[in-house]
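Peer 1: I would like the atomic coordinates for the input below:
(2 chains)
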Number of protein chains: 2
Amino acid sequence: MPAETRKSWVLDSRPQGRPTLGNFRMEEQPLEEPGDGKFLVRTIWLSLDPYMRGRMNEGKSYAPRVELGEVMTAECVAEVISSKHPDYKVGEIVSGQFGWTTHAISDGEQVRRLDPEAAPLGSALGILGMPGITAWTSLNVLAEAMQGETIVVSAATGAVGTVLGQLAKLKKLRVIGVAGGKEKCEWAVENLGYDVCIDHHMAADELAEAIRAAAPNGVDIYHDNVGGKTLESVVPAMNDHGRIVVCGVIAWYNGEGIADAMPLPKVWSNILVKRLKVQGMIVFDYFDRYSEFLEEVAPLVKFGQLSWRETVVEGIENAPNAFLGLFDGRNFGKLLVRVGPDPSEAGN
Amino acid sequence: MPAETRKSWVLDSRPQGRPTLGNFRMEEQPLEEPGDGKFLVRTIWLSLDPYMRGRMNEGKSYAPRVELGEVMTAECVAEVISSKHPDYKVGEIVSGQFGWTTHAISDGEQVRRLDPEAAPLGSALGILGMPGITAWTSLNVLAEAMQGETIVVSAATGAVGTVLGQLAKLKKLRVIGVAGGKEKCEWAVENLGYDVCIDHHMAADELAEAIRAAAPNGVDIYHDNVGGKTLESVVPAMNDHGRIVVCGVIAWYNGEGIADAMPLPKVWSNILVKRLKVQGMIVFDYFDRYSEFLEEVAPLVKFGQLSWRETVVEGIENAPNAFLGLFDGRNFGKLLVRVGPDPSEAGN
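Peer 2: Residues are numbered from 1 along each chain as shown, chains lettered A, B, ... in the order given. Sure thing, here's the model as predicted:
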C-alpha cells in the first residue's frame, strides 16, 4: 500500500439556495488499514449528480442527508488496494457509494464488482450505472412507453437524457428533447437520435409554443428531470392518459423560479381532466431490476448501438467547482471526476 | 301518454367563476312521440354532481362541454312511457344520461335497465351508480389499498366519500375523513365507520396539524375530491410510496383559493422525494368494470352492510338552486332531484 493520505470533501455548511465553494471543506488524513472483513479502495472515477444538492439540506430528502463534517456522498468506481475481506482481492475493480474521497474502507455492502474488459470503467457510473437504469426504468416500468407515442425528455443531453432518448428511439417513439444551448441540441439530434431538440433559452410561453409545434399529436410521456419552466410548458401539451415521471427538480433546487411557478390548481386540473399519472421516481427503488436492465442495455453498449458522452474533470480538488457547474448546465453528458489513474485506459 | 309538456333546463350563459341562477334557463316544449328504434322516458330521479361545473366552461373538460342553449347534462333514473324500441317496454325503469329534463327520447345507447325490486331506485345514481363505482375503483384499482394503511377522504360525507369510507373500513384501513361542519363529521364517524373526521373550517396550518394528529403513521392514500386547502394539508403528511387519486377540484372550480395555493415546486418535491403516484381519475374510463363492482358492492347494499344518505330536492324547478348548493357544501350525501313519482316507493 502506497504511503498516501486520504483526501475528502466534507460538508462544511448548508447552502442557502445555490451552493457555493464555501459549503465544502477538504480534509486530509493518513490512510488506515482495513479491519477484518473489510477492504480499502482508491477511487478512480467519482460521479457528480444533481441529487446531491438535496442531501445538503437540513430537511428530509429521499436518502439520509449529509451531516456537517461528513464526507459528501457519491457513487464511485475504485480499485481494491488492501483487503481483509474474503470476497474482494487486491486489484479488483468495484463500484460503490464511497463519496467525494480518494480512498475509502468498505465492508462490501452495496458494492458491485466490475469487469474492466466489458466496457470502459466510467460507464458503470453512466450508461450502465444509475443514469442508465434510471432511463430504462422510467421508460419501460413507469411510463410503459409504447411504439408511436411521443415523449419529451428534459436535460436531454444529461446523464439520464442521453440514454433515455436513445432507448425511446429504439422503441420507435417520437422523441423530443429539451436542453440548454445550440450545441447540446444539435448533438442530441445528430448523435442521440432525438427527432427534435428545443433550446430552453427562451420565454416560458415561447417554450410552450415550441413544444406544441414539436409534438403535433400531443405529448404522451414527459420524463421530468428539471421541473421549472420546462414542466410548465409540457403540462398543457399532455394528452389524455399521459404519464409524467418526476425524476428531478433541479430548476427549483436552489429556490429559483418558485414565486412565479405555474399555479398548482392549473396543474391539478390537467391531472384530473386528462387523467394523467404523475409518478415520483428514485432509482434506488429499482435496483432489483438491475440484471434485467443490464441484459437489455449492456449488449447495446457492447455493439456500439448507444452513444454516450462524458464531461471529465481532473482531480479530486476540482469536485466542488464541477458540482456547481451542474446548476449552470455547464456539463455535457455524464459528469465525472477522474480521481486516480484508470487501469483500463491506454497510457495509464 | 299523458298530455304533458317537456320542461328542461338549458345553459343560458357560461359562468365566470361561481355559477349563478342566471346561467340557466327553463324551456318548455310539447312532448314528442319517439321515432322508430327509440323510446320516450319520464324522469324520476335526476343526479346533480360537481363535474357538471366543468361542462359549463368554454374550454376542454373530460367530456364534451354543454353548448349554449343545450340541455344541461345529467344521469337520471326514468320510466319508459312510450316505445318503438324492440328492447324497451313501457313501464320499464332505466338509467341513462337524459339531462336536466322531465322527459327524454333515447335510442338505448348507454342506457341500463334497473330492477326496482333489488334496491331503491335512487341508489342507481349513488351507491350503486357513478359515485359507488368511483369509490370502489379509486380504492381498489388506482390506490391498490392494503389492510393497515391510512387513507384520507375529502368530502367524506359526499356521494363518493360515503361509499369510499365504508369500503376502506371493510378493508381494514385507518380511515380519516375531512368534511364541512360538525354534523357531517359526527355522522361520518357514527354511521360510516370513519375512525376520525376533521371539520375543515379552520386555518390551513391548523388543518395540516389536525391531519398529522389523526394519522400518526402518516398518510398512504389520499382520495382527493376537492383540491384546495385540504390537498395542501395532506401532501406534507403523505408517506413514501403514497398514492393520491385526483377525482375532483371543487375547491378551485370557481376560481377561488388559486392565488394563495401551495406553490407547485413544493408539491413536486414531495412527489419526487416520497415517490408519490398522483393519478387523475374520471369514472367513465372504468365502466367496463361495472359488473365486477356490482358483484362486490350490491350484496353489501342488499344485506344492509353499507349506509348511505341522500339529500332530496323536490321538483325540476329547483335543480339549479340545488346545484349551486354543491359549492357551498349544502348537500349531505348524494344530491338528487325528484322529478316525478317513484313507483318503487310506498304511497306513490
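Peer 1: ok, A:K274 touching A:N239?
Peer 2: Yes - between A:K274 and A:N239 there is a contact under CB atoms under 8 Å: 6.9 Å. In short, each C-beta sits where N, CA and C put it, glycine included.
Peer 1: Can you verify A:A210 is assigned to a helix?
Peer 2: Yes - with DSSP: H, G, I helix; E, B strand; the rest coil as the criterion, A:A210 is located in a helix.
Peer 1: and it, what is it in contact with?
Peer 2: A:A210 makes contacts with A:I198, A:M202, A:S233, as judged by CB atoms under 8 Å, 6 or more residues apart in numbering or on different chains.
Peer 1: Weed out the non-buried ones from the residues you listed.
Peer 2: Burial by neighbour count, judged by 16 or more other CB atoms under 10 Å in any protein chain shown, picks out A:I198, A:S233 from the contacts of A:A210.
Peer 1: Backbone torsions only: list them for A:L11.
Peer 2: A:L11 adopts backbone torsions of phi -80, psi 120, taken as degrees, to the nearest 10.
Peer 1: and what of A:P30?
Peer 2: Per-residue torsions, A:P30: phi -60, psi 150 (degrees, to the nearest 10).
Peer 1: What distance do you get for it to chain B?
Peer 2: Distance from A:P30 to chain B, counting by CB to the nearest CB, to the nearest Å: 38 Å.
Peer 1: Go through whichever helix or strand A:N191 is part of and flag the buried ones.
Peer 2: Using DSSP states H and E, A:N191 sits in helix A:182-192. Of all the residues in helix A:182-192, those buried under the rule 16+ other CB under 10 Å are A:K184, A:C185, A:W187, A:A188, A:V189, A:L192.
Peer 1: what comes up buried for stretch A:292-300?
Peer 2: A:F293, A:L294, A:V297, A:A298, A:L300.
Peer 1: which element is A:S8 on?
Peer 2: strand A:5-11.
Peer 1: Quick one: distance of that strand to the chain centre.
Peer 2: On the basis of CA atoms, centre = their mean, to the nearest Å, strand A:5-11 is displaced by 22 Å from the centre of the chain it belongs to.
Peer 1: And for stretch A:281-294?
Peer 2: Offset of stretch A:281-294 from its chain centre (CA atoms, centre = their mean): 14 Å.
Peer 1: and that stretch, what's its mean pLDDT?
Peer 2: In this model, stretch A:281-294 has a mean pLDDT of 90.
Peer 1: Straight-line length of that stretch, end to end?
Peer 2: One end of stretch A:281-294 sits 19 Å from the other (CA to CA, to the nearest Å).
Peer 1: hmm, the worst-scoring helix or strand of chain A on mean pLDDT touching chain B?
Peer 2: When each helix and strand of chain A is scored by mean pLDDT, DSSP states H and E, helix A:51-55 comes last, with a mean of 87. Yes - Helix A:51-55 lies within reach of chain B by CB under 8 Å from any CB of the partner chain, at A:G54.
Peer 1: buried ones in the helix or strand following that helix?
Peer 2: Counting by DSSP H and E, the element after helix A:51-55 in chain order, helix or strand, is strand A:76-83. By neighbour count on 16+ other CB under 10 Å, the buried set for strand A:76-83 is A:C76, A:V77, A:A78, A:E79, A:V80, A:I81, A:S82, A:S83.
Peer 1: again, but for stretch A:301-310
Peer 2: Buried-residue list, stretch A:301-310, by 16+ other CB under 10 Å: A:V301, A:L306, A:S307, A:W308, A:R309, A:E310.
Peer 1: Of the residues you listed, which belong to strands?
Peer 2: A:E310 (DSSP state E).
Peer 1: Which of the buried residues of stretch A:301-310 lies at the shortest distance from B:G35?
Peer 2: A:L306 (62.8 Å; CB to CB).
Peer 1: Let me know whether that closest one touches A:Q166 as I believe.
Peer 2: Yes - assessed by CB under 8 Å, A:L306 is found in contact with A:Q166 at 5.1 Å.
Peer 1: circling back: save the buried residues of strand A:76-83 as TSV, and put in pLDDT too.
Peer 2: As requested, the buried residues of strand A:76-83 are exported to TSV (pLDDT from 0 to 100):
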residue	pLDDT
A:C76	97
A:V77	97
A:A78	97
A:E79	97
A:V80	97
A:I81	97
A:S82	97
A:S83	97
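Peer 1: which among those residues gets closest to chain B?
Peer 2: Closest approach to chain B among the buried residues of strand A:76-83 (CB to the nearest CB): A:C76, at 23.9 Å.
Peer 1: who touches the closest one in this structure?
Peer 2: A:41, A:43-47, A:95-99, A:104, A:125, A:339.
Peer 1: and what of A:R212?
Peer 2: Contact analysis of A:R212 by CB under 8 Å, 6+ apart lists A:P236, A:A237.
Peer 1: Just the helices from the stretch 151-300 of chain A, written as ranges.
Peer 2: A:159-170, A:182-192, A:204-214, A:228-234, A:264-273, A:290-302 (DSSP state H, counting those that start in this stretch).
Peer 1: what comes into contact with the fourth one?
Peer 2: Contacts of helix A:228-234 from elsewhere in the structure, counted by CB under 8 Å, 6+ apart, are A:152, A:154, A:178, A:200, A:204, A:207-208, A:210-211, A:219, A:222, A:224, A:244, A:249-252, A:257, A:261-262, B:264, B:268.
Peer 1: do that again at 6 Å, thanks
Peer 2: A:152, A:154, A:178, A:200, A:204, A:207-208, A:211, A:219, A:222, A:224, A:251-252, A:257, A:262 (CB atoms under 6 Å, 6 or more residues apart in numbering or on different chains).
Peer 1: coming back round to it: between A:K274 and A:N239, tell me which one has more neighbours.
Peer 2: Neighbours were counted for A:K274 and for A:N239 using other CB atoms under 10 Å in any protein chain shown; A:K274 has more, 20 against 17.
Peer 1: Please look at A:H103 and A:S8 and confirm they touch.
Peer 2: No - using CB atoms under 6 Å, A:H103 makes no contact with A:S8, being 8.3 Å away.
Peer 1: tell me which parts of chain A are close to chain B?
Peer 2: Contact residues, chain A versus chain B (CB under 6 Å from any CB of the partner chain): A:61-62, A:227, A:246, A:249, A:252, A:258, A:261-265, A:267-269, A:271-273, A:275-280, A:282.
Peer 1: Show me which of these are buried.
Peer 2: A:61-62, A:227, A:246, A:249, A:252, A:261-265, A:267-269, A:271-273, A:275-280, A:282.
Peer 1: Any stretches of chain A with poor pLDDT?
Peer 2: A:1-3, A:60-63, A:254, A:346-348 (pLDDT under 70).
Peer 1: can we see that at 80?
Peer 2: By pLDDT under 80, the low-scoring segments of chain A are A:1-3, A:59-64, A:118, A:250, A:253-260, A:331, A:345-348.
Peer 1: For stretch A:311-326, measure first residue to last.
Peer 2: Terminal residues of stretch A:311-326 are spaced 11 Å apart (CA to CA).
Peer 1: In it, which of the residues would be classed as buried?
Peer 2: Those would be A:T311, A:V313, A:I316, A:A319, A:P320, A:A322, A:F323, A:L324, A:G325, A:L326, for stretch A:311-326 by 16+ other CB under 10 Å.
Peer 1: Assess the claim that A:T43 and A:V77 are in contact.
Peer 2: No - taking contacts as CB under 6 Å, A:T43 lies outside contact range of A:V77: 7.6 Å.
Peer 1: A:I250 is in contact with A:G227, correct?
Peer 2: No - using CB under 6 Å, A:G227 is not in contact with A:I250; the gap is 7.1 Å.
Peer 1: For chain B, what's its nearest residue on the stretch 101-250 of chain A.
Peer 2: A:V246 (4.9 Å).
Peer 1: Could you give the bridge partners of that residue?
Peer 2: A:D224, A:G280 (DSSP bridges).
Peer 1: if we can go back for a sec, so which of the buried residues of stretch A:311-326 belong to helices?
Peer 2: A:A319, A:P320, A:A322, A:F323, A:L324, A:G325 (DSSP state H).
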